[in-house]
Structure formats: structure tokens, C-alpha cells
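# how does the following fold in three dimensions:
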Amino acid sequence: MSQNTLKVHDLNEDAEFDENGIEVFDEKALVEEEPSDSDLAEEELLSQGATQRVLDATQLYLGEIGYSPLLTAEEEVYFARRALRGDVASRPSHD
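Numbering: from 1, shown residues only. Take a look at the predicted model:
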């Protein structure tokens, strides 16, 4: 394609964008803004909130499994062998 064809094509695209209310920016003209102090503070609060939720879920899980009695080594081997044989009923229930 020649450069003239590209320019006409680009003009048609620009007109279409304008008709649809789409703004076109030159990438080179865009300058990254430095985040303001309020933006940084908000981001920090959001990240702390996400961390707090993760910790809460982890703490809940750890607290929940603390109520279940652990198997001894012998019990683990016993139930593993029964499960391998297909004995689903011998599996301990976690009510």
C-alpha cells in the first residue's frame, strides 16, 4: 500500500472514532502521572484490607481443623489400606 492510501484509511478511522465518541490519543503525547499522596494512601488501605481478609480466612480454617482429632500413624496406615481396597465406609467422618 502506498502512504497516501494509509493516510486516507487513517482519516476514515479517525472519522469513525469521532462519530462514535471515541477519543484517540498519540501514545508519545501521553505522560505517566505520578500518583498523588491520596492515591497511594487509598492503595495502601485497599491492600491492607485484602491482606486482613486472607488472614481471617486462614485463621478460620486453622481454627476449624483444630477441632478435628488427628490420626495416629497407625490409624493413618490402617485407613489408607482400607481406602485402597475400596472400603469407603471405613473412612472416618468429619462431622
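
# where exactly do the helices run in the chain?
Listed from the start of the chain, the chain has helices (DSSP state H) covering 3-19, 37-65, 73-84.

# lowest average pLDDT across those helices?
The stretch with the lowest mean pLDDT among the helices of the chain is helix 3-19, which comes in at a mean of 62.

# how close does Arg85 sit to Ala73?
Taking C-beta to C-beta, to the nearest Å as the measure, Arg85 falls 19 Å from Ala73. Using the backbone N, CA and C atoms, a C-beta is placed for each residue, glycine as well.

# what does Gly86 give?
Using C-beta to C-beta, one gets 23 Å for the distance from Gly86 to Ala73.

# cool, and Asp56?
When C-beta to C-beta is applied, the distance between Asp56 and Ala73 equals 33 Å.

# compare those two (neighbour count), which wins?
For Asp56 against Ala73, the residue with the higher neighbour count under other C-beta atoms under 10 Å is Asp56, and the figures read 10 against 7.

# distance of the more buried one from Glu42?
Taking C-beta to C-beta, one finds Asp56 at 21 Å from Glu42.

# for Pro69, same thing?
Separation of Pro69 from Glu42 (C-beta to C-beta): 46 Å.

# same deal with Thr58?
For Thr58, the distance to Glu42 (C-beta to C-beta) stands at 25 Å.

# what's the answer for Thr72, then?
As defined by C-beta to C-beta, Thr72 lies at a distance of 51 Å from Glu42.

# which one's more surrounded, those two?
Each of Thr72 and Glu42 had its neighbours counted (other C-beta under 10 Å), and the higher figure belongs to Glu42 (12 against 9).
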